[in-house]
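[1] no FASTA, just this:
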């Protein structure tokens, strides 16, 4: 669920309802017609200044062999004392020598190179950004053509771009709205991942869900994604992204202004860093690493593409600049509480809350504390240790609970909430996605049925239409009581107009696939039960949260499983109609590139 475009925005989570409790958030863009439209640039907060960097040296990456004419990503591998640079355009050029990832000594000397392009070991022709997890030694690589971030292990040889590389995991960024993932940065403090949306001027934060793995937003995975806007600070693009582990801040590279914005991880502007002394031509990425002249000093390393090879296919002018910069002291910053992903549990079991708190160690001599408390819920929430960030909790009654974790450094506090859905004892939950093209379809007023569209327009497309969605092999024992049921859609096209929808079921225990014969959807017999649904505005493409979740369909599902022919497992068809007004909610269908509709059912077994 989007919690409002006036702050650090929650795009997707396990159940779509998690919200940050803190109020220290940054302004963002407004979504209009599916596009981010920047608000008037906000004045920088008090204390934000422009700091001019000093040029230490420039390394011509065009001169290494093989060359990097268009370096786009850079990261520091401290364990191996090497810089890693990626080139997202070199494979398009005649000078390509099967190398688009380069290993450099801190003096800029090439020590090795590799090839990430298909077929082996490759997975990307467009390695636009790089970031290293020093704990695992894994490399995160962003690809702005595939809209993907991939986690890569180097294999036994310890090098990247060689045949023994292993793709550990990948995240589809367009699923949460980032359709131009120019760069990626790994937060060594929290284990979170950040991606920069170059065209959208947005920075997205990806928190791994309870499984601890970056595997995408629901329904594919359980990652939690939030974002903030950089256009409000005058950025014309968000091409590069770095993380400062000492200050706990982000560094956002804007090529057009030749500036780096230093922000908090929640999007508050701290400083602008002016790179003009180096006159970088299209700076792309930044990383902090030891200075060549004095390894005890940390400097910035910025890679710049120079001239675009689309304008000049023979160009070869990539550079790397080492810059020194002295930033103002940040002073005491509020600690950060992370309550972890939303959870579901069935009584009488309890759950372990995967919370965490981090701080900058100020005020000097202070002790960081954490405290869990119940904000709301129908019963009692009992914590095994309310002062431990990761603790177990049990509940006295079923229902929805909001639990809050607060971090306190004795001067400043920060809180974060987690929503826990507690099912009654004996409850079983199912998630059934649409699995075939013939399982979702649209029918117009003339009776024509379309099974191949990439979207489901609920429920108007030139004329009012009837939408059918079929779910296969729904296993609910005879005599079960339906507690909760809904369909989880995902936004394809944004819309804020009012839409009144009616959802019924087909009165059949094993309904057929949708066919293209006239009126194949609307002619099907309906359940007596129906559910009215007036969805909230859909304001973010790719979002699959509470706004895209139907009202409770328990009466409809209960009627279907109560039919005489129900055997304990069968297919189900849901039919959606609207009020006929020229308004709609447009969701991804099975044939689209976004998440397909998913039926979620929770039921109690018969006594």
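    Nice, I can see it. Nothing here was measured: the structure is a model prediction, and the numbers come from that model. Numbering: from 1, shown residues only.
[2] could you find the closest non-adjacent residue to residue 488?
    Spatially, and ignoring its direct neighbours in sequence, residue 488 is nearest to residue 598 (4.5 Å; C-beta to C-beta, 6 or more residues apart in numbering). From N, CA and C alone the C-beta is placed, and that goes for glycine too.
[3] distance of residue 233 from residue 267?
    Between residue 233 and residue 267 the computed distance is 9 Å (C-beta to C-beta, to the nearest Å).
[4] tell me the bridge partners for the residue nearest in space to the middle of the chain.
    Centroid-nearest residue in the chain, with C-alpha atoms, centre = their mean: residue 225, separated by 3.8 Å. Beta-bridge partners of residue 225, counted by DSSP bridges, are residue 12, residue 206.
[5] hang on, it packs against residue 217?
    Yes: in this structure, residue 225 is within contact of residue 217 by C-beta atoms under 8 Å, at 5.6 Å.
[6] how many neighbouring residues does residue 565 have?
    Counted with other C-beta atoms under 10 Å, residues neighbouring residue 565 total 8.
[7] begin at 377 from now on, thanks
    Noted, 377 is the first residue going forward, which turns the last one into residue 941.
[8] then residue 444 would be within a helix, right?
    No: counting by DSSP: H, G, I helix; E, B strand; the rest coil, residue 444 is located in no helix; its state is coil.
[9] what's the pLDDT at it?
    Per-residue pLDDT puts residue 444 at 96.
[10] how about it, what does it touch?
    Contacts here follow C-beta atoms under 8 Å, 6 or more residues apart in numbering; on that basis residue 444 touches 437-438, 461, 463, 466, 478, 694.
[11] all strands of the stretch 477-626 of the chain, in order?
    Remark: strands assigned in the stretch 477-626 of the chain by DSSP state E, counting those that start in this stretch are 477-480, 486-490, 503-509, 514-519, 524-529, 542-548, 557-562, 569-573, 578-583, 600-605, 616-620, 625-630.
[12] for the residue nearest to residue 864, phi and psi?
    For residue 974, the backbone dihedrals (degrees, to the nearest 10) come out as phi -130, psi 130.
[13] surely it touches residue 805?
    No: using C-beta under 8 Å, residue 974 is not in contact with residue 805, being 11.9 Å away.
[14] ok, those two, which is more surrounded?
    Each of residue 974 and residue 805 has its neighbours counted (other C-beta under 10 Å); residue 974 has more, 21 against 14.
[15] and the more buried one, what are its bridge partners?
    On the basis of DSSP bridges, residue 974 is bridged to residue 809, residue 864.
[16] over to residue 666?
    With DSSP bridges as the criterion, residue 666 is bridged to residue 674.
[17] any idea how far residue 482 is from it?
    As judged by C-beta to C-beta, residue 666 and residue 482 stand 6 Å apart.
[18] quick check: chain neighbours aside, which residue is closest to residue 637?
    When the adjacent residues along the chain are set aside, residue 637 lies closest to residue 628, with 4.4 Å between them (C-beta to C-beta, 6+ apart).
[19] list the residues that contact the one you found.
    Per C-beta under 8 Å, 6+ apart, neighbours of residue 628: 572, 579, 606, 611, 614, 616-617, 636-639.
[20] JSON lines for those residues, including distance to residue 427 and neighbour count?
    JSON lines is the format used below for those (distance: C-beta to C-beta, whole Å; neighbours: other C-beta atoms under 10 Å):
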{"residue": "572", "distance to residue 427": "21", "neighbour count": "31"}
{"residue": "579", "distance to residue 427": "20", "neighbour count": "27"}
{"residue": "606", "distance to residue 427": "18", "neighbour count": "27"}
{"residue": "611", "distance to residue 427": "16", "neighbour count": "25"}
{"residue": "614", "distance to residue 427": "19", "neighbour count": "27"}
{"residue": "616", "distance to residue 427": "17", "neighbour count": "29"}
{"residue": "617", "distance to residue 427": "19", "neighbour count": "30"}
{"residue": "636", "distance to residue 427": "9", "neighbour count": "26"}
{"residue": "637", "distance to residue 427": "11", "neighbour count": "25"}
{"residue": "638", "distance to residue 427": "9", "neighbour count": "23"}
{"residue": "639", "distance to residue 427": "14", "neighbour count": "20"}
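[21] report the contact partners of residue 534.
    Contacts of residue 534 were listed using C-beta under 8 Å, 6+ apart, and they are residue 456.
[22] low-confidence regions, the chain specifically.
    377-423, 496-497, 587, 956-959 (pLDDT under 70).
[23] and the helices in it, which stretches?
    With DSSP state H as the criterion, the chain has helices at 930-937.
[24] buried deepest among the strands of the stretch 477-626 of the chain, which one?
    Among those, strand 557-562 has the highest mean neighbour count (mean count of other C-beta atoms under 10 Å), at a mean of 29.
[25] paired strands for that strand, with orientation please.
    strand 569-573 (antiparallel).
[26] specify the angle between the strand it pairs with and strand 542-548 in degrees.
    Between strand 569-573 and strand 542-548, the angle comes out at 50 degrees (axes from the mean of the first three to the mean of the last three C-alpha atoms, to 10 degrees).
[27] just how off-centre is strand 569-573 within its chain?
    Using C-alpha atoms, centre = their mean, to the nearest Å, the mean C-alpha position of strand 569-573 is found 9 Å from that of the whole chain.
[28] report the inter-axis angle for it versus strand 578-583.
    Per the same axes, to 10 degrees, the angle that strand 569-573 makes with strand 578-583 is 160 degrees.
[29] and residue 887, how many neighbours does it have?
    19.
[30] can you map out the strands along the stretch 827-976 of the chain?
    Per DSSP E, counting those that start in this stretch, the stretch 827-976 of the chain carries strands over the ranges 831-834, 836-837, 839-840, 842-851, 857-864, 867-869, 877-882, 902-909, 945-954, 961-964, 974-980.
[31] again, but for the stretch 627-776 of the chain
    Counting by DSSP E, counting those that start in this stretch, the strands of the stretch 627-776 of the chain are 635-639, 645-650, 659-666, 674-680, 695-700, 712-714, 719-722, 727-730, 732-734, 745-752, 757-759, 766-771, 775-784.
[32] so in that sheet, which strands flank the first one, and in what orientation?
    Spelled out, that is strand 635-639. By DSSP bridges, strand 635-639 pairs with strand 625-630 (antiparallel), strand 645-650 (antiparallel).
[33] what's the closest of these to residue 865?
    strand 625-630 (32.3 Å; C-beta to C-beta).
[34] pull out the buried residues from stretch 463-474.
    Of all the residues in stretch 463-474, those buried under the rule 16 or more other C-beta atoms under 10 Å are 463-467, 469, 472.
[35] just send those residues back as TSV, with distance to residue 883 too.
    Shown next, in TSV, are these (distance: C-beta to C-beta, whole Å):
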residue	distance to residue 883
463	60
464	55
465	58
466	61
467	57
469	63
472	62
